[in-house]
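Participant: Here's a sequence, model it:
(2 chains)
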Amino acid sequence: MKTLLISFVFIFAFALNSKANGKYTWPAYTPSELPEQYKNDDAVYLMFVQTYNFGQFGESYFNNFQRIYINKKGAIEDYANRVLELTAEGKIVMLKGRVIKANGDIIELDDDKIIISNISSGRKYNDDLYREAKLIYPDVQEGDVLDLVFDVEIEGYVYSETMFLAQELPVVYSRITIINNSVLDLSAFPLNGLPDVKFIKTTTGPTFQTEQKNVKAIPDGYFNAIRPDMPKLIFNLWRPEENLTYDVVYSMDYQYEFYKYHAIKLFTEDLVRDGVIEREELTTTRFNAFLKVQKHLLELIDENAEINLTNQEKIRSYYLNKTINRKIYKSLLENFLMEQDADYEKCMTNSLWSGQFDAKVVALDQLDATFFIVKDVAGRDHFLFMPTKTRKYQIDEIPFQYEGNSGVAWKGEEGTLKSVSKINLPEGSEKETQQISNFQIILSAEAPHLAEGNRQDKFTGQYSSIVRGKKKTSLLEDLSISEEVLEPTKLGDTYPYQVEFRQTLEDTALVSDLDDELKMLDLSSFFPTSIFYEEEKEENYAGYNLLPFKKTQQFRFFIQCDAPITLEEKAGKSLMENGVGTCSYSLSQMGDKSIKVVCEISLKKRILQTETDNKDYADLINFYHTMKGKKWVFSM
Amino acid sequence: MLSETHSYTVGTLDDYSSYHEFEGMNLSGKSEFFLLSVRDGSELQNLSLDYIKGKKRRSVKISKSTITSTVSNGSFFSGATTYYVPVDPSVQFSIHYSLKEENSIFISNFYKDGYYESDQVTYSFNIPQGLVASISNGDKKTGAFQLSASNFKEDEDIIFMLVHPKGEEKETYFSNWFEERIGKINAINPKEIPEHLTQLKANGAEEELAAACFKYVQDEIRYLDIENGINAIIPRSCEYVLSNKFGDCKDMANTLVALLNHFGFEAYNCISKTNSREGEFDFPSLGKANHMIAGLKLKDKWIYLDPTEDNCLFGDPSIQILGTEAFAIGHKEQFFLKVPESPKSKTEVLIDYLLDVENRKIQVNLTFLGKTNTLLVNQKENTEVMEIIANKVFSYALPLKEKSISMSTSVLRFEGELPMAFLSELSTKTILQTDFLADIRSVFIVAGYANYPIYPLQINSSIRFENLTCSNLKVKEEIWTKECENNSLESKQSWSSYKSNEEFEESSEWTNFETFSQKPLIITE
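Facilitator: Presented below is the predicted three-dimensional model:
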């Protein structure tokens, strides 16, 4: 306990120092042999210390001290020039770096070696402004230690956050401290066996601290996600003498939204008057009426609309002007559900890539995405997710980042929470998310090298929301369907929302001569460039990987000729099957003028957490790419 | 529709101002940003946005909504500031601003289509008496004059310019301008000179000493491109570079030149262009250059040293400057020098395949010799890059089993299964698709960082078959130099050097190879 108190004094000291003339006392460094377990690592964090300090006057300070040991030359390029991404909000109170040479010499970074850059994504509304701090460490060699500390002052409190002891490098000593000098109450939830959590009431305010030695690195590959069992700390800063419960969150949310956005009295009347719904539907097929309202409102959303909500009247005027944004969409929908006294729940969850939602922990940081569960007349549950900047979701579509995660469902009445329950969001199966592509390829004996025909591509499930819409050219290109905007020939209106494209194939070069008798058919141009993303073959699959979704893609080629055509390869099926999925191709003679080639990949497992899973996934990718490139031998 | 007007008024060589106006219509139907970038050291004045309706102009306040960014993706830090000026949908607009600048040497290049591929572009100049603007089309102008699309030749996209005193050759002025400024900062403190270099000098090992100086800068100075303000074109002092052990191309070249000069060598800072930049560097203008190297005259021969390329061998130009031109600052007899197109060291890759078709086994040895070996030497510790190389070179899973990497030769041995999809089993024969061959474009990347040959390159391949004899094989002769002999086939490909991927893809060398390399092998029973 004594040690801990001393460390607090030290923390306060440097937090205080940081604000006074930029002076800072670096944590002491005593050179010692790098523990054996890190000998093969290019670099390790000797210390990674994160400290939140909530001030008395509504301000938050975040302090981060990092001490990196450069073990191998390869790490110099990665860490001698550090780039830190910092939010544009708040003030960088302090940012310092230094090199501790192996011989004990210390080189502090001059001002010209610390550069702050402003970055803009260049969007007019909701522009994501942020800052980059670049630190250039001079004369870095193997065996050097690089220190970095920054202190950011944020206007307002950070009310909730999820913090981890693990970082992208192994950490010899990692610590998280939260100091509360504010008038608000601090609560912290150590999860998944977060070690040594201490809670101390000090004269300056209650403080939480957790620390751990020898923390393993978090892999940072393309599909890597936070493991559900990763130790973490979630904290809340909340009104004093009030426990942050779901009741509180619900009623606050209701009050905030109700008074600001809801309360367009008789919104239903507006909808009836506009002919969106028939009055009779409200008594006979109320769920259908809800679907009509939802579709209607979804179409009114304009991402570029400049909307400034100040009072109830305005929200109605935006609706009457037929231009709404996503917030208004949500409010109007809930307004309708409330007016109709519908059986619905308001639910919250977060992305599975950020970790499993823990319903037991009431924390604002977990409440990332809103959706409704609405019951139909038969009492069946239907999910409705709120749209994002890039996607609009229809009923029963669950965005893939939330599939398989948990969430919390609230049922309330007039701003009072009546019931709360944990819900599990279903994970779509490989049968729901599909690409079925049928190709009719017509060859002619007169001009055997050029093919004609047509193709039909059908998408369902997660693919549906990806390819639906007008500005999806790059996605259609990635799927090798079209380089131009292509309008769907069919749009399904019930889940899993089939989207269909049809195209004519003209003068397509698919056939080449192998010798005087044999010919080869190359179908590779019809396959998507990858299973999920272009560089997937170069990924080093390790650790905990989360694939976007389960799926099946099938490519059926019917090759017809006006003269006899014979498949020269042995007919039959080649298959790779493992724990993650299957990939196969089969070929058959369909009569004397027709042959058929069917290629399929099916991913049945989404979370890859063992070495076998990762290897199986890599094997499937490789099989897919060789299958895609296969040339089919025939004679005509 | 967009039109651009730019006017430059030169006061002296160290003081000029410019005015820029962009007028057009936002037709996109939504609000768009107009981006303008201002170099560190330039003073932006009177940035204004007007909306135009008929003959009326309405000034729009932009100060609050203008977003700035100080990040340039081109370098670690460029110092340039980008202003995002929001323009409303469906309006005719005019954005105009002035810049106050020093150093008229920055008046250097002018695009036929302007900065935004505009429909109409006009450049106006006012050069005072006593100064002259030399233009890359051969003209020399003083006073007021204009450039517009009609001054550009049909195939000319950029016109280059240098403002210099009348009566002084443009090359001499360009050289002196740099020499004066670099001369002030290239003093080297003897205490900073490594002992082993002084020792070599004492031993009289001239070439060894020059090579050691090169290696010292190459190994000890970390490349970092910080190109803000005047340091976008003038190196930092040797003292700064040697004490901090980092620098950009100019810093590294200048430090190397200072070291070489210190030891009595004839060495020059050479303004250079890399082969990623189109055109010939034959006119003294900043717009032509994007790099700096050291030129060493040793035993009456020029050696071009680029310490930014890790593991570039002494005597070899770096890959990025092969076949380009360089401007030797202070070398009065000949300013423009030609960098050789080929490295001195070997440029050969050997690819040996051992195939067991019956058991679907394959082994491949890839050997990179001399210059082709640079990337592997640079990345030998980086297992991730090695994995990427393995995955790029072969279109299928062929695990890297062993690697042996040294400065002169590197060998990568891959071993694995021949994918079923590469084999088509017919009733009396088996077709082996050539997809098992290494992807030659990826071999180019390993050999020279680009997916086309940027220096003349020899790639020799051989395929040895197990459990098969030549009588079982039927191959197209075009890519194989020899008919099957001793159960093996051989191919020798001599690749010429190319300036761009586009040029390479249009070459008959590539189109022929692409056609023939895809012809499968037919194995008969």
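
Participant: tell me which parts of the stretch 101-250 of chain A are close to chain B?
Facilitator: Neighbours of chain B within the stretch 101-250 of chain A, by C-beta under 8 Å from any C-beta of the partner chain: A:113, A:115, A:117-120, A:122, A:124, A:127, A:129, A:132, A:134, A:136, A:138-140. Where C-beta positions appear, they are placed from N, C-alpha and C, glycine not excepted.

Participant: now the stretch 301-450 of chain A, which segments are flagged as low pLDDT?
Facilitator: Along the stretch 301-450 of chain A, segments meeting pLDDT under 70 span A:304-307, A:309-313.

Participant: Same question for chain A.
Facilitator: For chain A, the stretches with pLDDT under 70 are A:1-22, A:121-128, A:201-205, A:258-265, A:304-307, A:309-313, A:469-473.

Participant: which residues in it form helices?
Facilitator: A:2-19, A:74-79, A:246-260, A:267-273, A:281-284, A:286-300, A:312-320, A:326-339, A:462-467, A:473-478, A:611-629 (DSSP state H).

Participant: and if you look at chain B?
Facilitator: Using DSSP H, the helices assigned to chain B run over residues B:170-183, B:195-203, B:206-220, B:238-244, B:249-262, B:374-378, B:383-393, B:440-448, B:501-506, B:508-517.

Participant: Of those, give the one that comes closest to chain A.
Facilitator: The closest of the helices of chain B to chain A is helix B:238-244. By C-beta to the nearest C-beta, the value is 3.7 Å.

Participant: in that closest one, what's buried?
Facilitator: Under the neighbour-count criterion of 16 or more other C-beta atoms under 10 Å in any protein chain shown, helix B:238-244 has B:C238, B:E239, B:Y240, B:V241, B:L242, B:N244 buried.

Participant: go on, stretch A:101-115?
Facilitator: Buried-residue list, stretch A:101-115, by 16+ other C-beta under 10 Å: A:I107, A:L109, A:K113, A:I114, A:I115.

Participant: can I assume the last one is in contact with A:K134?
Facilitator: Translated: A:I115. Yes: under the criterion of C-beta atoms under 8 Å, A:I115 makes contact with A:K134 at 4.4 Å.

Participant: give me the low-pLDDT residue ranges for the stretch 1-150 of chain B?
Facilitator: B:63-66, B:71-74.

Participant: what's the overlap in contacts for A:I115 and A:K134?
Facilitator: Counting by C-beta atoms under 8 Å, 6 or more residues apart in numbering or on different chains, the residues touching both A:I115 and A:K134 are B:F77.

Participant: what residues are up against residue 503?
Facilitator: In the absence of a named chain, chain A is used. Applying C-beta under 8 Å, 6+ apart to A:Q503 gives the contacts A:N454, A:R455, A:I481, A:S482, A:L486.

Participant: should've been chain B
Facilitator: Remark: with contacts taken as C-beta under 8 Å, 6+ apart, B:E503 is in contact with B:Y452.

Participant: Now do it against B:I454, distance only.
Facilitator: 11 Å (C-beta to C-beta, to the nearest Å).

Participant: now swap in B:Q120 and tell me
Facilitator: Counting by C-beta to C-beta, the gap from B:Q120 to B:I454 is 38 Å.

Participant: and those two? which has more neighbours close in?
Facilitator: B:I454 (25 against 15; other C-beta atoms under 10 Å in any protein chain shown).

Participant: you'd agree that one is up against B:S496?
Facilitator: No: in this structure B:I454 lies outside contact range of B:S496 using C-beta under 8 Å: 10.4 Å.

Participant: want to try JSON lines for the helices of chain A, with mean neighbour count as columns?
Facilitator: Below are the helices of chain A laid out as JSON lines (neighbours: other C-beta atoms under 10 Å in any protein chain shown):
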{"stretch": "helix A:2-19", "mean neighbour count": "14"}
{"stretch": "helix A:74-79", "mean neighbour count": "18"}
{"stretch": "helix A:246-260", "mean neighbour count": "16"}
{"stretch": "helix A:267-273", "mean neighbour count": "17"}
{"stretch": "helix A:281-284", "mean neighbour count": "13"}
{"stretch": "helix A:286-300", "mean neighbour count": "18"}
{"stretch": "helix A:312-320", "mean neighbour count": "16"}
{"stretch": "helix A:326-339", "mean neighbour count": "20"}
{"stretch": "helix A:462-467", "mean neighbour count": "22"}
{"stretch": "helix A:473-478", "mean neighbour count": "14"}
{"stretch": "helix A:611-629", "mean neighbour count": "20"}
